[in-house]
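Engineer: turn this into a model:
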Amino acid sequence: MKQIPKRLTYANVMSSLAVFLVLGGATAFAAGHLGKNTVGTKQLKKNAVVSSKVKNGSLNAADFASGQLPAGPQGPKGDTGPKGDTGPKGEKGDKGAPGTPATSLWAVISSTGTVLSGSGVTGALQPFGTGTYEVDFEQDVSECAYEATSEFPGGLIYAEPREFTPNGVWVETETAGGTNANKPFSLAVFC
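Structural biologist: Below you'll find the predicted structure:
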């Protein structure tokens, strides 16, 4: 094994200094000449940036995941915005439950009190003379609604429950002047 000479020569010192400057200078050159934005996510090791390496107040709220920042106090209610566009038509809803079947009671009565046609009607009579009729049905109609329509132009017609007769309807037919007159009519009962 060769020994290091006991005396340093100029050549030895200069060659050692040259090696040191080349190695040290290249590292300093490389570190000082990194371009702007050349270090990115790919160059960072996992968990290389920790809280202690981030300057306080340098991040924005958008830099944090939802729920990481505490919510501040609620601000005042804002103004109402403009009305939005009409949305698309919704899907057809489910079919509803069947309702209670309607009672269809009706009668067509002649001017003489004869039942011409009907459903659930048992008869008609004129108990108090001209323009007064009682139409009887096969069930109690005292709590039902009635709609009587005149079969003659210009006449008036009234229908109401028959007192003391729960299955009867009282009908009066009159002329346009308000005088009782025997006129044909139709009566519908809604229970």
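
Engineer: for the closest residue to Ala107 other than its chain neighbours, what are its contacts?
Structural biologist: Closest residue to Ala107 in three dimensions, ignoring its sequence neighbours and counting by C-beta to C-beta, 6 or more residues apart in numbering: Gly118, at 3.6 Å. For the C-beta atoms, the positions are set from N, CA and C on the backbone; glycine is no exception. Listed by C-beta atoms under 8 Å, 6 or more residues apart in numbering, the contact set of Gly118 reads 105-108.

Engineer: ranking those residues by neighbours, who comes first?
Structural biologist: When neighbours are counted by other C-beta atoms under 10 Å, Ala107 leads the contacts of Gly118 with 26 neighbours.

Engineer: per-residue confidence for the most centrally placed residue in the chain?
Structural biologist: Centroid-nearest residue in the chain, with C-alpha atoms, centre = their mean: Gly90, separated by 8.8 Å. Looking at Gly90, its pLDDT is 89.

Engineer: what's the answer for Gly32, then?
Structural biologist: For Gly32, the model assigns a pLDDT of 54.

Engineer: one more: Pro73?
Structural biologist: pLDDT recorded at Pro73 is 88.

Engineer: so that it lines up with my notes, have the first residue be 4 from now on.
Structural biologist: Yep, numbering from 4; the last one is Pro76 now.

Engineer: so it versus Val53, what's the distance?
Structural biologist: 31 Å (C-beta to C-beta, to the nearest Å).

Engineer: of those two, give the one with the bigger neighbour count.
Structural biologist: Comparing Pro76 with Val53 by other C-beta under 10 Å, the one with more neighbours is Val53, at 7 against 4.

Engineer: next up, the contacts around that one.
Structural biologist: Counting by C-beta under 8 Å, 6+ apart, Val53 makes contact with nothing.

Engineer: same question for Leu190.
Structural biologist: Leu190 neighbours (C-beta under 8 Å, 6+ apart): 109-112, 138, 149-151, 162, 172, 174.

Engineer: show me what it is bridged to.
Structural biologist: Ala110, Ala151 (DSSP bridges).

Engineer: so where's the protein uncertain?
Structural biologist: Scanning the chain for pLDDT under 70 picks out 4-11, 13-38, 41-42, 103-106, 154, 157.

Engineer: is Ala162 within a helix or a strand, and which one?
Structural biologist: Using DSSP states H and E, Ala162 falls within strand 159-164.

Engineer: gap between whichever helix or strand comes after that strand and the chain center?
Structural biologist: As assigned by DSSP H and E, the chain's next helix or strand after strand 159-164 is strand 171-177. Distance of strand 171-177 from its chain centroid, counting by C-alpha atoms, centre = their mean, to the nearest Å, is 49 Å.

Engineer: now do strand 171-177: which elements does it pack against?
Structural biologist: Contact analysis of strand 171-177 by 3 or more C-beta pairs under 8 Å, 6 or more residues apart in numbering; DSSP states H and E lists strand 135-140, strand 148-153, strand 159-164, strand 188-193 as its packing neighbours.
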